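S.K.: any chance you can model this:
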Amino acid sequence: MPRDYTYGPFQSRRLGLSLGVDVLPKIKTCTFDCVYCEIGNTIHLVSPKFRISSPPTHKFEKELRDILKYFPHLASITFGYNGEPTLNENLMEFYDIALKVRNELRWTGTPPHLTLFTNSSTLHFEDIQERVKNFEIVLAKLDAATQADYIRINRPHKLCPENDRIIDSLIHLREKMTSNKLVLQCLMLNSHRKDFSPNFNDKNIEKLAFAIQKIKPNEVQIYSLARIPAEYFVFSIDEKQKNQIKNVFNQIIDNKNIKISYF
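M.R.: Model (predicted):
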């Protein structure tokens, strides 16, 4: 039977065995058009003020139950795939159903976390923060700490907040997430083109470290491309370079409560 809302489960580098949940239309709808996106260029590039109203049908709960009975060892039910999930006004209706199903099923170990991917572009809205803070793990994108790198790498809609405002919104979200976990994801890349400066540069890495120091997330995940990117001219940094970033972060952040990993 075709599925309307879920995909996988698949083995995630950072989450373990994960069932994906897509709450957006099948056409990619996002506030960013990142050069590295693994699902290609953004077809529907929208303002962070843009909202869709797409509540779950009865099929959503049925899909979850039909799939999850075969995966009692699942690690995460993960919201976010085909764009920015916070653009759906009905996000919490999906969350409530997933929470109900998760709590009613039996698991071989710890029940799967309810996880949200966000590119952080809508977090300056109070109502979005109030929704997002409910997820047990929030994986929030922060690839850049300079405006120039942000514009070049994430290619945001013209009405997206400036990079400094995104950092401020992450600080405020972290203050609200007293019991749940905020994880910053920093995707770092290189470039084949001499006229395209990658975010793997000393200034951006240093400023990212100082931003992370202010945000105080539970965890930082440094990673790079693992699939074909939207643009041909960007490519993955190597393990040595990831470790180099980790060392810079550890030195500047100097906070043992913040776990820093690379993948």
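
S.K.: the stretch 1-150 of the chain: strands as residue ranges?
M.R.: With DSSP state E, counting those that start in this stretch as the criterion, the stretch 1-150 of the chain has strands at 6-12, 16-21, 29-30, 44-45, 76-79, 113-118, 137-141.

S.K.: now the fifth one - C-alpha only, PDB.
M.R.: Meaning strand 76-79. Output of strand 76-79 as PDB, limited to C-alpha atoms (Å, rounded to 0.1, in the frame of the first residue of the first chain):
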ATOM      1  CA  SER A  76      13.500   7.800  16.400                       C
ATOM      2  CA  ILE A  77      10.200   9.000  14.800                       C
ATOM      3  CA  THR A  78      11.700  11.900  12.900                       C
ATOM      4  CA  PHE A  79       9.700  14.800  11.400                       C
END
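
S.K.: what lines up beside it in the sheet?
M.R.: Sheet partners assigned to strand 76-79 using DSSP bridges are listed as strand 16-21 (parallel), strand 113-118 (parallel).

S.K.: now do it, average pLDDT.
M.R.: Taken as a whole, strand 76-79 carries a mean pLDDT of 98.

S.K.: if we can go back for a sec, what's the most buried one of the strands of the stretch 1-150 of the chain?
M.R.: strand 76-79 (a mean of 26; mean count of other CB atoms under 10 Å). The C-beta positions use only the backbone N, C-alpha and C, and glycine is treated the same way.

S.K.: neighbours around P25, how many?
M.R.: For P25, the tally of surrounding residues (other CB atoms under 10 Å) stands at 15.

S.K.: didn't it look like it was pressed against S53?
M.R.: No: counting by CB atoms under 8 Å, P25 stays clear of S53, with 11.4 Å between them.

S.K.: that older thread, out of the strands of the stretch 1-150 of the chain, which gets nearest to K62?
M.R.: Among those, strand 6-12 comes nearest to K62, with 10.5 Å by CB to CB.

S.K.: quick one: the closest one to chain centroid distance?
M.R.: Chain-centre distance of strand 6-12: 15 Å, with CA atoms, centre = their mean, to the nearest Å.

S.K.: go ahead and confirm Y7 touches Y81.
M.R.: Yes: taking contacts as CB under 8 Å, Y7 lies within contact range of Y81: 6.8 Å.
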